[in-house]
Every structure is written in structure tokens, then in C-alpha cells.
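Q: this one's sequence-less:
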């Protein structure tokens, strides 16, 4: 009977939920988070193991990175080659890792954010600490191996790390719904803490922090919240405040040089160029007038960023300004999330060391169990050979009298003498008394004649004594925790002595940076924005001297205070505010800065339709006109907001703002449509609404028509000439109509 297919009905939401959970756990456990035991993510572990398998050791020639990446991808990590190469690159960078795990040869990027060369150009090999501290003893069955993705190879589930690599090198990773960020620490301090835990399992976090003072960033710097570290290391979460190291030098002419020799760890990459541009922006916006010059003189020897200051600069105040206004003081968010026993868990430093020490005991238990088994097998063989040497003549007689190897072996193991020719009856009787083991019999049959030399026999007895001593030692290590602890401590001490280095980051309680801003004298300035969106401010006198050219070249000209704010209304119904002090102040011909740089405005997404000084908004009402003909008044005080961006009006679907203006003494509004209709209405026809309202319809439009322009005028003026569709019109001659009328055709 044929088996019929069955259709299983289930809720779509349940399938999606299960699939997403499976995906999330796969990302969490198999890609993004490190294992607490060896401190490595799966891709890092696979790269190191592949290099180990390829024999790319620290004492052998470098191999092309492309070979390593391709082999890792083909055997163990079936993902993109870029992610594997990025992992390889990071493991070579001494400015990111407390102890580099890969020795790179070629361009592997730098601290300023320049990327590594392509993998076909660079070469790499294992660093010695990886070989000694992470990959040693892999051949001794100390960790479990599992099939790779296509079950053609075996790979370790974890590397037998001999030191707490998770703390030494730190890590950073984003999973699904969670992320990890662990700072690097000093190898010597971490190993001392691990030894302290081995000797006293009841040691507290405070006790461990007598050894681990805090993070030790490869970039140095200064941690300034020492008193908060115990809480961070107890819970595994918190914020570490770090500052760059700043030194003062004297330059020629009496100028002061502020030299930054160490940067916060968070400034690695584009942070240095961002810092330089931030300092330049402070000078351009006149937040400080002390900067004479700034230069980046960093090299392979180290960081050296030089800021030249004026003679009379208050250096401490300037440094505090850098701490407040730039990333020279920054925050490192700690979240010690790691994989423990197959699940993600946030751990404090004590739990991380506890798990690593427990792993050390497990690795060493398996190692010495394996070694003990081999030594016992070796002892068995050695005992058989020594016994054989005592009756070597009889054994030679058995071998000569046997027809084949099987007959000889059966005699050695079971004493069976049938079929074997002996010289005498006594020899047959003695042969029948032999009882060697299978392993001993194989060793005797493979024994070479030179081993019968007297000195060789003595050497065999000496080896037997050494084997017996090893068995006693291994049994002692396996039977007594103290003995195994001593072995682990010795391994840790060896790694500390060989690879330890002095601490780079200073840990202290730094004083809060107090910065007194230079008081700016309030004055009237003119804001200018050209048609390309570049902004600046100039003096009122410069406007009077160049009024004609300024009016021709600029889209917006607004009088404001240098201490105030400007409000920019956009076609998408948003209001963006920005400080006048953030704009460069200079000459009329200066280029200025894009308005995007000083506000949340995005020139790719929206257009500015009106700019006004925010201080003026409180005094008047604003008129809004949209493309679909909606109009309204809004009180200006509704736009007196602290936020940089708010919604200025509500818009219907596919609608946008085409005009905003302040109502001073205008007495009418004229709406002009794309199809050539013009509607003039009294200003009193416009209703007062809240900014969250859409407004009312101002003009009745045909289905495919829309408002193209809006004009405001006063009947007190003799003329109010506009140009619409290349036709000049005096609005004062147009008869007003009621709101929501169709208007008159003007072309």
C-alpha cells in the first residue's frame, strides 16, 4: 500500500515565530557571541583551527590570507569570505586586541580607520600565544570534536584555551535582540586573578579587583570613574568613562602646544578625523578663539595630535572644552554577554573567571587521563620487553621454530607449542609457560636486534623507571585537586611570564570636566542661505555694502541675533531649529556650511520653504498653504520648542507645504494654481488652527490641478505686482472672493 502525503495545517504566526526563534538562536550561539571558555566567536575559532591544521605556525613562513580564508570557508565556515577576512584582520590588529592572535604581514589597516589591503596581497601566520595558549594539546582529546557543515571534516566545539582569553582580548558583537561588548584587560592581571580564584574559590569580585584594576585598552588612555568599576564588574553591565592623554609643550614664539598622545579606545577608526573636524568646527563657530593650528602628526611610533594655542590660553579650560565638546572623553558601554553552557548569559568578572577555571580543570582532566592511558600502555610494552630480554634465547628459538607470525604470537601469549620445533624438551616446557599480553607479544615480534645490546637494555630499564614515575605523577594529578591546580597555575605563570606586558591604561577617579564658555557679546547678524543650501552669517554693515549682490545670490536673508536660533519650515511639514552660533561668521564671499551639517534637515528628503528667527515667532501668527489648497493660521508660540525637529503641521496623503509666511499687516492672500486660476481672499477668511490640524480648503481645484504659488499682500500698498506664468499681475486690481471658490482664470 502506497504511503500518502499528509497535509499538516498550522497557524502561520506559529510557523513564523518558531522559524524566527530558530534563526535568532543560530545567530546568537553560532555567530555573534563568544564562548566563555575560550573567548572566541565561531568564526574566530574556525580561522585559528584552520591555520593550525594547515601548519601555519608562528615559527614557519607566512601564507597568503586568501588561502586561509578560502580553506576556512570551504571546510568550516560556509559564509561570506569578507566576514572571515575581517575576522582575520581584527585578530592581527594590536590597537584592538590585548594580545594579538594572528601575526600579520602586509597592510592590515591602522588605528586611523584605513582598511586592510585585499586578502590576495596580505599574509599571515599564527601568533605564538595562539599556538601555546589556545591550540596546544588539541591532539590529546581535551575537547569535543563535531562534524563540519557537510560532515566531511571534524572541528572542535571549543579551543583548549589556557588563559581567560575573553577578558584579555575582549569582544564586540551584535546578535538578534542582544549585543555583547567586553573591554580588553591586561594579561598579567587577568592571570593573577585566575590564580587567586584557583587558590580560593570563595574570593569576591572586590577580591579579584585587587588584581584586575580595570580595563586595559591597547590605545592607553585614562579611565576616570574608578569607583564605579566594582559595580560594573559585579553585574557585567555599566559605562566606563575614558579620556585621551593630553600633554603640554612650549612652541616657538611662546605659543602653547596641546599634544594628544593617547586616544580613547572608542576613537579607533574614523574617530580621529572626526575629532580633528570637531576641533576645527569649534574654532569656526567661535566657540573658542584660542586655536592657532591643528595637525595630526601620528605615525607608526604612536599617536601625536597637536593643537597649537595662543599664548594667553587657559589650558585647563580648553582641555575641559575638548572633553565636553569632542570624543576626547567618551563612554565605553560594557555588556559582558557570553555563551555559557550553550545559552547566552550576562556575567560579572568572577563568573567569567569561574567558568574559565572550571574549563581548565576539565581540559587538564581529559589531558592527563589520556596521557595516563598512554603511559600505562607504554609500561605494559616495556615490562614485556624487559621480560623478553631475560629469556631472549628461548624467544629466538620459538621464532626460528615457528611456521608463521601467528604461530609464534600464539605461543608467546597462550603458551601453545604445537607445530613449533624446539632444540630440547626443556625449551618446549619453558615456552609453554610464557604468558605475554597481546600488546607485549606484538612489541616482541617487532623488536630489532640492536635493542639486545647491553646499553640498549639499560636504556630500556631507565625508560621504564621514567614511565612508572609519570604514571604516579599523572595519577596524583587526577586524584588530588591540589595537584591539578598546581599544574594549571604553572601553565598560567608560564604564559604570564612569556607574554605579559605592563599596563597601558591608567585607572583613577578623574574630576568632572568643568568648561566655562566664553561669553559671546550679543549682536545683530544677517543669516544667508544660497540656492545650494550653504549657510553663514555676516555683519549688517556687510549687507548694506553688498545688498544687490547678496539679494541676487541668496535664497534666504534673515536678520537675527548671534545668540539666537533659526526656524526652518519644510515642504514635508517639519520644523527644524538650529543655533546661529553653529554657523560660520565671516565675509559675504565665504562659502559657508550646508544647512544639513547644523540641523536635522536632510536635503535629500525635503526642501525648505521658509526660514525665520525663532524669537520672532512668539510675536506673530503663521500662515500655511499646501499643494492641495489647504490653508490655516497657527499661533507662533506653538513653535517655541526646545527640540531640534518637530512636526509643524499635519498633512493629508500626497500633500506638501508650498508656502509659510508670518502675518504682519497683510490683508489678503492670493492662491495661484498650476492650470492658471487665481483666487484672492481676505486674510480674515483664513481660520486659526492648531499645528496638529490639517486646516481648511482655501481653493476649489480641478481633479488634476494643484496650488503652485501663494502671495501675500496689503491693500494699503499702491501696487502689488507679481509675475505668474510669465504674466505680470497687480493683485490690488483683482477682486477678492470667498474662501473655497474656484477663482478667476488669468491665462
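A: That came through, no problem. Quick caveat, the model's predicted, so the values are computed rather than measured. Numbers count the residues shown, from 1 in each chain.
Q: just the helices in the stretch 51-200 of the chain please.
A: Ranges of helices in the stretch 51-200 of the chain, per DSSP state H, counting those that start in this stretch, are 65-75, 81-90, 128-133, 165-169, 187-199.
Q: per-residue pLDDT, residue 728?
A: On pLDDT, residue 728 comes in at 85.
Q: do residue 487 as well
A: Residue 487 is assigned 95 on the pLDDT scale.
Q: With the one 10 residues further on instead?
A: At residue 497, the predicted lDDT confidence score is 95.
Q: quick one on the thing from earlier: out of the helices of the stretch 51-200 of the chain, nearest to residue 708?
A: Nearest of those to residue 708, taken as Cβ to Cβ: helix 81-90 at 49.9 Å. Just so you know, the C-beta spots here come from the backbone N, C-alpha and C atoms, and that holds for glycine as well.
Q: Grab the nearest non-local neighbour of residue 226.
A: The spatial neighbour of residue 226 that comes closest, neighbours along the chain excluded (Cβ to Cβ, 6 or more residues apart in numbering), is residue 509 at 4.8 Å.
Q: Low-confidence regions, the stretch 501-650 of the chain specifically.
A: 517-520 (pLDDT under 70).
Q: As a check, name the ranges of all helices in it.
A: Per DSSP H, counting those that start in this stretch, the stretch 501-650 of the chain carries helices over the ranges 540-545, 547-553, 595-598, 614-617.
Q: any chance of these in a markdown table, plus mean neighbour count and distance to residue 694?
A: Below are those laid out as a markdown table (neighbours: other Cβ atoms under 10 Å; distance: least, Cβ to Cβ, whole Å):
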| stretch | mean neighbour count | distance to residue 694 |
| --- | --- | --- |
| helix 540-545 | 13 | 38 |
| helix 547-553 | 11 | 35 |
| helix 595-598 | 18 | 27 |
| helix 614-617 | 18 | 21 |
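Q: would you turn those into CSV with distance to residue 495?
A: Formatted as CSV, the helices of the stretch 501-650 of the chain follow (distance: least, Cβ to Cβ, whole Å):
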stretch, distance to residue 495
helix 540-545, 69
helix 547-553, 69
helix 595-598, 50
helix 614-617, 63
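Q: Show me the shaky parts of the stretch 151-300 of the chain.
A: Using pLDDT under 70, the stretch 151-300 of the chain has no residue that qualifies.
Q: how about 90 then?
A: Applying pLDDT under 90 to the stretch 151-300 of the chain flags the ranges 173-179, 250-255, 269-274, 277-278, 280-292, 298-300.
Q: where along it do the strands fall?
A: Counting by DSSP state E, counting those that start in this stretch, residue ranges of the strands within the stretch 151-300 of the chain are 154-156, 171-174, 179-182, 222-223, 237-243, 245-250, 256-262, 291-296.
Q: Name the stretch among the ones you listed that sits most buried.
A: strand 222-223 (a mean of 22; mean count of other Cβ atoms under 10 Å).
Q: Report all helices and strands that it contacts.
A: Using 3 or more Cβ pairs under 8 Å, 6 or more residues apart in numbering; DSSP states H and E, the elements in contact with strand 222-223 are strand 237-243, strand 506-507.
Q: and if we set it to 6 Å?
A: Applying 3 or more Cβ pairs under 6 Å, 6 or more residues apart in numbering; DSSP states H and E, one finds that strand 222-223 contacts strand 237-243.
Q: Next, report how far the strand it packs on is displaced from the centre of its chain.
A: Taking Cα atoms, centre = their mean, to the nearest Å, one finds strand 237-243 lying 15 Å from the centre of the chain it belongs to.
Q: repeat for stretch 173-185
A: 8 Å.
Q: Over to stretch 82-97?
A: From the chain centre to the centre of stretch 82-97 is a distance of 12 Å (Cα atoms, centre = their mean).
Q: Now do it: everything it contacts.
A: With contact meaning Cβ atoms under 6 Å, 6 or more residues apart in numbering, stretch 82-97 is reached by 43-44, 47, 69, 72-73, 77, 100-102, 104, 108, 111, 116, 119, 169, 218-219.
Q: for that stretch, which positions count as buried?
A: 84-93, 95-97 (16 or more other Cβ atoms under 10 Å).
Q: what does stretch 51-70 give?
A: For stretch 51-70, by 16+ other Cβ under 10 Å, it's 51-54, 56-57, 63-69.
Q: need these in a markdown table with pLDDT and distance to residue 129, can you?
A: Shown next, in a markdown table, are those (pLDDT from 0 to 100; distance: Cβ to Cβ, whole Å):
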| residue | pLDDT | distance to residue 129 |
| --- | --- | --- |
| 51 | 96 | 13 |
| 52 | 96 | 13 |
| 53 | 95 | 18 |
| 54 | 95 | 18 |
| 56 | 96 | 15 |
| 57 | 94 | 12 |
| 63 | 96 | 19 |
| 64 | 96 | 22 |
| 65 | 96 | 19 |
| 66 | 96 | 24 |
| 67 | 96 | 22 |
| 68 | 97 | 18 |
| 69 | 96 | 22 |
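Q: All set, thanks.
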